[in-house]
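K.L.:
below is the structure, and that's it, no one-letter string:
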C-alpha cells in the first residue's frame, strides 16, 4: 500500500494536491447547474458535489466554493430562488466542461458552449435542452460551512424531467440516459451496470436482483 | 420528456419515491465508513454521500440521516473523533451492501459481512483490509441541516492509502483500483474511462488530454 500522511499531503505541489484530494470521494456525480439573474442573464456551471439530503421532502444539496465562477451560480439562485440540475451525457460532455471556464458575468455559458436554453412556464431558471435527465429546485436553505468558508446550498426538487421512463418501483436507468460520473476536476467516466442488491437484512445472505 | 411535478412526487408510493429521489443526484460515490466506540466495538456502514469540501486543508463531508444504522457511525465518530473511508471494488460489493443491514450495536459488521479489520498505529478507527483505496479522517465539525434534521459530518483527511500509484500530477486511477459508483440505495456501477479534459479557458476550444 502506498501511504500519504497529513504531512505528505501538505507538502505536495498545489495543483497535484488538488487533483489528489478531489479524487478522494471516488466517483462523483456531474451535472450542469442552470440559473439566471434578475435581468435574464443566464449561467451554466458544472458541479460535482450534488448530494441527496432527504426524500420527503425531496432535498438535494450542493457545495459552493468561495471562488468566482461558482459565485455567479450562488448570486443568481439567491436572487431568483431557483436553479436546475441537468445531467450530462457523452454528446454534451465537451460543452459541459467548457462551462467551467471563467467567463465574465455578461457571457452566458449556454451561448459560449453551444447549449440550448429551455424554459418551463412558472419556473425561474433555465434547463439545458440537450440534457436527458434534469430537475428544477427551489432554494430551501443556505448553510455556512465555517471550517473552510464554503456553503451548502439546499434545494427542494419541484420538477423532474427525463427522456425515458421511471420504473414502477421508482428506479431510473442512469446508463440508459447516458449519465456520467467524474473525479478530480477533469476526468469523466461512463457507467457500466454491475449489480442491484436486495434490501439487506441481518439474518439473510446478500441477494442480487 | 416524462415530467413529474412536486405534486406527482408527493403522491408517489413511499418506497418508489425514495428510489426515485435517491436517483436524482445521478452517479454517487459509494464507500464503507469504519468507526469504533470507546470500548473497541467496531462498525462499518455504506455511505453514498461523501462530498469534497476543500483541498487545503483537505476536507470531506458526508451526510448522516436521522436513522438508526447511521447513528452508530455518528455516535462512534463523535466519541473517538476519527473514521475511515474505504472504497469498494467488485470483490467486496456484496459484503459492503450487507453492512447496510440493521445489525445491533453489539454486532460488528466486519465480522457479520466477512471483512477484515486493519489498524494503523496512532489512528483511532479501523480500515477495511480488502479495500484498495482508503483514507483516515479526523472530525473537524458537525453542521446541523435544519431543513430535515440531517447532519453534515466534516472531516480532515490525515491519511491516504492505495494499492497503486498516484501520478506525478496527483491523478488517481479509480477504474484501476476497481472503484464503483452507485445510485438509489441498491444499484451499483463500474466505471468506464471516457475522457480527461484540459483546464477550460474562455478563449479556447475544449481539448481532450
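P.N.:
Here it is on my side, so go on. Everything quoted here is computed from the prediction, not taken from an experiment. Numbers count the residues shown, from 1 in each chain, chains lettered A, B, ... in the order given.
K.L.:
going by C-alpha atoms from here, please, whenever you check contacts or count neighbours.
P.N.:
OK.
K.L.:
in stretch A:124-132, which residues are buried?
P.N.:
Neighbour-count burial for stretch A:124-132, counted by 16 or more other Cα atoms under 10 Å in any protein chain shown, picks out A:124, A:125, A:126, A:127, A:128, A:130, A:131, A:132.
K.L.:
in CSV, list those residues along with secondary structure, pLDDT and distance to chain B.
P.N.:
Formatted as CSV, the entries for these read as follows, by DSSP: H, G, I helix; E, B strand; the rest coil; pLDDT from 0 to 100; distance: Cα to the nearest Cα, whole Å:
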residue, secondary structure, pLDDT, distance to chain B
A:124, coil, 97, 15
A:125, coil, 98, 15
A:126, coil, 98, 16
A:127, strand, 98, 13
A:128, strand, 98, 13
A:130, coil, 98, 11
A:131, coil, 98, 10
A:132, coil, 98, 8
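K.L.:
just give me the closest of those to residue A:145.
P.N.:
Comparing the buried residues of stretch A:124-132 against residue A:145 with Cα to Cα places residue A:125 closest, at 25.5 Å.
K.L.:
might one say that the closest one is in contact with residue A:38?
P.N.:
No. Under the criterion of Cα atoms under 8 Å, residue A:125 makes no contact with residue A:38, lying 10.5 Å away.
K.L.:
mutual contacts of the two, please.
P.N.:
Contact criterion Cα atoms under 8 Å, 6 or more residues apart in numbering or on different chains; residues bridging residue A:125 and residue A:38 by contacting each: residue A:80.
K.L.:
buried sites along stretch A:146-158?
P.N.:
Counting neighbours by 16+ other Cα under 10 Å, one finds that the buried residues in stretch A:146-158 are A:147, A:148, A:150, A:151, A:152, A:153, A:154, A:155, A:156, A:157, A:158.
K.L.:
residues in contact with the first one?
P.N.:
To tie it back to what came earlier, the one meant is residue A:147. Contacts for residue A:147 were tallied using Cα under 8 Å, 6+ apart; they are B:140, B:141.
K.L.:
what's it sitting at in phi/psi?
P.N.:
With angles defined as degrees, to the nearest 10, residue A:147 sits at phi -60, psi -30.
K.L.:
of the buried residues of stretch A:146-158, which is the nearest to chain B?
P.N.:
The closest of the buried residues of stretch A:146-158 to chain B turns out to be residue A:158 (Cα to the nearest Cα; 4.4 Å).
K.L.:
does that closest one sit in a helix, a strand or a coil?
P.N.:
The local conformation at residue A:158, judged by DSSP: H, G, I helix; E, B strand; the rest coil, is strand.
K.L.:
distance of it relative to residue B:112?
P.N.:
Using Cα to Cα, to the nearest Å, one gets 40 Å for the distance from residue A:158 to residue B:112.
K.L.:
residue A:47: how many residues sit nearby?
P.N.:
Neighbour count for residue A:47, taken as other Cα atoms under 10 Å in any protein chain shown: 19.
K.L.:
name whatever forms a beta bridge with it.
P.N.:
Counting by DSSP bridges, residue A:47 is bridged to residue A:31.
K.L.:
for it, what are its contacts?
P.N.:
Applying Cα under 8 Å, 6+ apart to residue A:47 gives the contacts A:30, A:31, A:32, A:33, A:62.
K.L.:
could those go into TSV alongside pLDDT and neighbour count?
P.N.:
Compiled in TSV, these are given as follows (pLDDT from 0 to 100; neighbours: other Cα atoms under 10 Å in any protein chain shown):
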residue	pLDDT	neighbour count
A:30	98	30
A:31	98	31
A:32	98	24
A:33	98	26
A:62	98	21
